[in-house]
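Novice: need coordinates for the following:
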Amino acid sequence: MSIRRLEQARRLLALAQSGLHYTDGAFDKERYEEIAAIAHAQLGELADMDAEKVAELFAHEAGYANPKLDVRCAVFNDAGEILLVREVADGLWSLPGGWADVGASPSDNAAKEVREESGYTVTVERLLAVWDTAKHPHPPSVFHIWKLIFLGRIVASGDVIGVETDGVGFFDIDALPPLSLGRILPEQIRRLDALRRDGGIAFD
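Specialist: Reported below is the predicted structural model:
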């Protein structure tokens, strides 16, 4: 897998998407659509997906192209264990979170995801990390993703109301379950633990 080729294919698709947004010319539109199709094929090859599936993922992406925003919340109990949820999509564990929704702030989005996926109501205390997944060893993704990770404090417990997770638990930092590596990495969880203890914020 060439990370450089993956980044180039994502950039090519972003240029095509932005071009389609701004152009009024039929000729230009046809050429940008052709560029988008080439990028879909390249991304599909690099991420081991069918080009048509990649096109479906980007079908609702319009306007000037931007990175996708993934908001998550790191919640620790009094024993220093971290809250994780098991994703239905792959049966693996992650921090509660997901794509940011329009109409709510990043921190409100993060708190909502915790409530839906774990049943816990949290107060978001501060930002812990802003990460560009391209700078971390996540598995290849067709999207360019920025992650915002917040520190949450539990104020109440309740029932899980979402459908994207089927397990909830607190885990020792040194005894993590199998993680959904596209969403969170073991070394990232260890770094979040250090950041919440020393008051730092990570930007990388």
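
Novice: going forward, measure contacts between C-alpha atoms and count neighbours the same way
Specialist: Fine.

Novice: which stretches of the protein form strands?
Specialist: 68-75, 82-87, 93-94, 97-99, 121-132, 145-156, 165-171, 202-203 (DSSP state E).

Novice: model confidence over the fifth one, on average?
Specialist: Here strand 121-132 scores 98 as its mean pLDDT.

Novice: so what are the domain limits for this protein?
Specialist: Domain segmentation of the chain under automatic domain parsing yields 3-57, 68-203.

Novice: can you put the ones you listed in a markdown table and add mean neighbour count?
Specialist: A markdown table is the format used below for those (neighbours: other C-alpha atoms under 10 Å):
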| stretch | mean neighbour count |
| --- | --- |
| domain 3-57 | 17 |
| domain 68-203 | 18 |
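
Novice: quick one: closest of the strands of the chain to residue 59.
Specialist: Judged by C-alpha to C-alpha, the one of the strands of the chain that comes nearest to residue 59 is strand 68-75, at 14.2 Å.

Novice: low-confidence ranges in this protein?
Specialist: 1-2 (pLDDT under 70).

Novice: rerun at 80
Specialist: The model of the chain has pLDDT under 80 over residues 1-3, 46-49, 51, 54-55, 57, 59-62, 64-65.

Novice: tell me who's in contact with the most centrally placed residue in the chain.
Specialist: In the chain, the centroid-proximal residue (C-alpha atoms, centre = their mean) is residue 70; its distance is 3.5 Å. With contacts taken as C-alpha atoms under 8 Å, 6 or more residues apart in numbering, residue 70 has the following neighbours: 97, 98, 99, 100, 145, 146, 147, 148.
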